[in-house]
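Colleague: Starting from these lines, generate the structure:
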Amino acid sequence: MPALQFMMSIKYKLTLTIMGISIGAVMLTVAAITSYLIYDMRIGKAHELQVNAALTGDRNSAALLFLDDDRARKNLEMFRLSPSVLTACIYDAKGALFADYHVNSHDCPPQVSLLPPNQDNLLTIAQDIVEGGSSIGKVFIASDTREIDAYIKKILFISGSVTILVLVGTVLLAFYFQRTISAPILELAETAQTITANGDYTLSAREGYPDETGMLARAFNAMLTEVRKRDDELMHSNETLEHKVVERTRALEDAMHSAEAASAAKSEFLRNMSHEFRTPLHALISFSSYGIREHLSAPAAQIKQYFELIQSGANRLSKLVDEVLDLARLEHGEHVFSFTRSDLRDAISASMEMMRSLAQDKHITLQCQADEQAAYTVCDQDKIVQVITNLLGNAVKFSPQGGTITLALQRANLHDQPAISISVIDQGIGIPEEEKEMIFESFKQSSRTNTGAGGTGLGLSICRRIVEAHNGSIWAENNVPPPGAHVTFVIPALLEEGKKIIRLQEMEGLRP
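Modeller: All right, here's what the predicted structure looks like:
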């Protein structure tokens, strides 16, 4: 069918379209009028039969009361004037046949209970004869449908004749209008074909038609004008190519300056981060000096406190160095991951154990909800422990005194594949909606860190890169209802075991 439409010329398409619409409209109209007339005829005949039954009952009520069956039969003889009435029956109050009128073999049943059901080829009505508010009998009339059938045949003949006449007129009008519509379009098509074949865009189409075809010709000529204008502009562009090369070179220089500015921004961040290094270094130097001066005179508890403070500062400094080194390895070099079958409950336990003392300082309760069926997967367990520890550390920082942090381990689905999700849920200050994605970028922190939580802005960036190295995904959301937030990461449940070298380009390609 599509091939036939493609090969058919526009004038035949117009002819078929006009004929199709006209035929459809005429047939629907004729069908609707015919159906209504037939329906109205049937309703009229039924109403006429009902009126005859009512009149028959009124005229024969006295005959029923006085048991005058001869008078009743004479009254029924009036139906001889209505050839369509086949049977007229009157029954007394007990249902016995009292008087009847019938044509040929259409006899009245002896009892009213034996009256036949409705038949397709007959119109029937059974109506009570009422006198003084009570029924004294029943009248039954049956009529054939000869008048209705004759009326239907007449209506169908008229409808068919009208349809044929309309169709003939439609064909003639279709042939006339297709010429007036298709001729200018065919002329325009020939002009376009000549321009395409010769490449001569100085030609134009005739615009003398006052209808839409004239509008089409004018639009076609406007398009040709635009093509000529574009050709002139292209020629001018070729002549000024050297100038554009200079402009592009300047644009590249601007891009290079932008890149240098971005690098300077990172350098500025590193300079600002010196404060994070200076604080633990100051603690190491100060308390080690105190210990050297007072190791003979100070009590053992005081010396122990100095060592604890020195250890705390060293741990903080070590963590800062580890974060910077991890980010440098992940961004600019290559990092080796060792994928083995692991129990993620062990990873969660190890992370909780590392953060337990920090949580106890703020009287925070750590709890774990683990689905045993979601415990095992193939991953680099040390790296997953690093991710959980970072997330747990952030949760402890932003949680209030006496709060609760929940770690949830459960089954999930990632890209229509089985996966495992781990969520760290706190009761802290939450995350601004506009910063949910930004906090995973390098050197970026939430604006709510000005509460005194501190940090370098590298932890979540490292977490994202580790999770993406596992072909996973990580995101942050606020709790509903508040307070607090939760960070969730999902990794596939099935990965290939063995060592794997992850490069920056590969990790960028893994981002969802």
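
Colleague: Next one: Ser423, what pLDDT does it get?
Modeller: Each residue has a pLDDT score; the one for Ser423 is 95.

Colleague: before we move on, what about His363?
Modeller: 92.

Colleague: buried residues in stretch 400-417?
Modeller: 403, 405-409, 412, 414 (16 or more other Cβ atoms under 10 Å). C-betas here are computed from N, CA, C, even on glycine.

Colleague: That one: how far from the chain's middle?
Modeller: 29 Å (Cα atoms, centre = their mean, to the nearest Å).

Colleague: ok so, going back, just the buried residues of stretch 400-417: which are in strands?
Modeller: Filtering the buried residues of stretch 400-417 for membership in strands, criterion DSSP state E, returns 405-409, 412, 414.

Colleague: how about low-confidence regions in the stretch 101-250 of the chain?
Modeller: 119-120, 177-183, 201, 207-214 (pLDDT under 70).

Colleague: can you give me the strands in it?
Modeller: 122-131, 134-144 (DSSP state E, counting those that start in this stretch).

Colleague: by contact count, what packs against the first one?
Modeller: What that stands for is strand 122-131. helix 10-65, strand 134-144 (3 or more Cβ pairs under 8 Å, 6 or more residues apart in numbering; DSSP states H and E).

Colleague: Let me know which of these is tucked in deepest.
Modeller: strand 134-144 (a mean of 20; mean count of other Cβ atoms under 10 Å).

Colleague: burial count for Glu363?
Modeller: No Glu there; residue 363 is His. 10 (other Cβ atoms under 10 Å).

Colleague: So for it, what's the nearest residue that isn't a sequence neighbour?
Modeller: Distances taken as Cβ to Cβ, 6 or more residues apart in numbering place Gly402 nearest to His363, at 4.8 Å, with adjacent residues excluded.

Colleague: Over to Gln50?
Modeller: Ile125 (5.7 Å).

Colleague: what about that neighbour, distance to His295?
Modeller: 126 Å (Cβ to Cβ, to the nearest Å).

Colleague: Neighbour count: the two, which is higher?
Modeller: Ile125 (17 against 11).

Colleague: Show the contacting residues for that one.
Modeller: Neighbour list for Ile125: 46, 49-50, 53, 140-141 [criterion: Cβ atoms under 8 Å, 6 or more residues apart in numbering].

Colleague: 7 Å instead?
Modeller: Taking Cβ atoms under 7 Å, 6 or more residues apart in numbering, we find Ile125 in contact with 49-50, 53, 141.

Colleague: and Trp292, that's in a helix?
Modeller: For residue 292 the amino acid is Ile, not Trp. Yes. Membership of Ile292 in a helix is supported by DSSP: H, G, I helix; E, B strand; the rest coil.

Colleague: bridging residues for the nearest residue to Gln373 once chain neighbours are set aside?
Modeller: Among residues not flanking Gln373 along the chain, Arg411 sits closest, at 6.3 Å (Cβ to Cβ, 6+ apart). Per DSSP bridges, the residues bridged to Arg411 are Ile420.

Colleague: Could you double-check that Arg411 lies in contact with Ala374?
Modeller: Yes. Assessed by Cβ atoms under 7 Å, Arg411 is found in contact with Ala374 at 4.2 Å.

Colleague: Need the residues touching each of the two.
Modeller: Ile420.

Colleague: mind checking the SS state of Gln367?
Modeller: From three-state DSSP, the assignment for Gln367 is strand.

Colleague: wait, doesn't it sit right on Thr406?
Modeller: Yes. Assessed by Cβ under 7 Å, Gln367 is found in contact with Thr406 at 5.3 Å.

Colleague: all helices of the stretch 351-500 of the chain, in order?
Modeller: 381-398, 459-469 (DSSP state H, counting those that start in this stretch).

Colleague: Please spell out which residues along the last one are buried.
Modeller: Meaning helix 459-469. 459-469.

Colleague: Now Ala259: which helix or strand?
Modeller: Secondary-structure assignment from DSSP states H and E places Ala259 in helix 241-272.

Colleague: residue ranges with poor pLDDT in the stretch 301-450 of the chain?
Modeller: Along the stretch 301-450 of the chain, segments meeting pLDDT under 70 span 320, 323-334, 442-450.

Colleague: coming back round to it: for the buried residues of helix 459-469, which one is nearest Met27?
Modeller: Closest approach to Met27 among these (Cβ to Cβ): Glu468, at 65.9 Å.

Colleague: and the helices and strands packed on strand 122-131 as TSV, adding distance to Lys74?
Modeller: Output for the helices and strands packed on strand 122-131, formatted as TSV (distance: least, Cβ to Cβ, whole Å):
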stretch	distance to Lys74
helix 10-65	9
strand 134-144	15
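
Colleague: And these: which comes nearest Pro299?
Modeller: Across the helices and strands packed on strand 122-131 (criterion: Cβ to Cβ), the nearest stretch is helix 10-65, sitting at 106.4 Å.

Colleague: who does the closest one touch, helix- and strand-wise?
Modeller: helix 69-76, strand 85-92, strand 122-131, strand 134-144, helix 146-198 (3 or more Cβ pairs under 7 Å, 6 or more residues apart in numbering; DSSP states H and E).

Colleague: Domain map for the protein?
Modeller: Under the assignment automatic domain parsing, the domains of the chain span 11-150, 274-332, 334-510.

Colleague: Give me the distance between Asp232 and Leu67.
Modeller: Taking Cβ to Cβ, one finds Asp232 at 114 Å from Leu67.

Colleague: just to revisit the earlier point, with Thr340 as the reference, name the closest of the strands of the stretch 101-250 of the chain.
Modeller: strand 122-131 (90.8 Å).

Colleague: ok, back up a step: output the helices and strands packed on helix 10-65 as CSV; include the columns distance to Trp475.
Modeller: Shown next, in CSV, are the helices and strands packed on helix 10-65 (distance: least, Cβ to Cβ, whole Å):
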stretch, distance to Trp475
helix 69-76, 93
strand 85-92, 85
strand 122-131, 77
strand 134-144, 81
helix 146-198, 55
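
Colleague: mind checking which of those is nearest Ala419?
Modeller: helix 146-198 (56.5 Å).

Colleague: Counting neighbours, show which residues of stretch 92-108 come out buried.
Modeller: So, applying 16+ other Cβ under 10 Å, buried residues of stretch 92-108: 92, 95, 97-103, 108.

Colleague: What is the nearest of those residues to Thr194?
Modeller: Using Cβ to Cβ, the buried residues of stretch 92-108 come closest to Thr194 at Val103, 82.5 Å.

Colleague: any idea how far the closest residue to that closest one other than its chain neighbours lies from Leu49?
Modeller: Excluding its sequence neighbours, the residue lying closest to Val103 (Cβ to Cβ, 6+ apart) is Leu86, at 5.1 Å. Distance of Leu86 to Leu49, given as Cβ to Cβ: 11 Å.

Colleague: Now for those two: what residues contact both?
Modeller: Ser143.

Colleague: Specify the beta-bridge partners of the residue lying closest to Asn118 once chain neighbours are set aside.
Modeller: Spatially, and ignoring its direct neighbours in sequence, Asn118 is nearest to Thr124 (6.0 Å; Cβ to Cβ, 6+ apart). Taking DSSP bridges as the rule, Thr124 bridges to Ala142.
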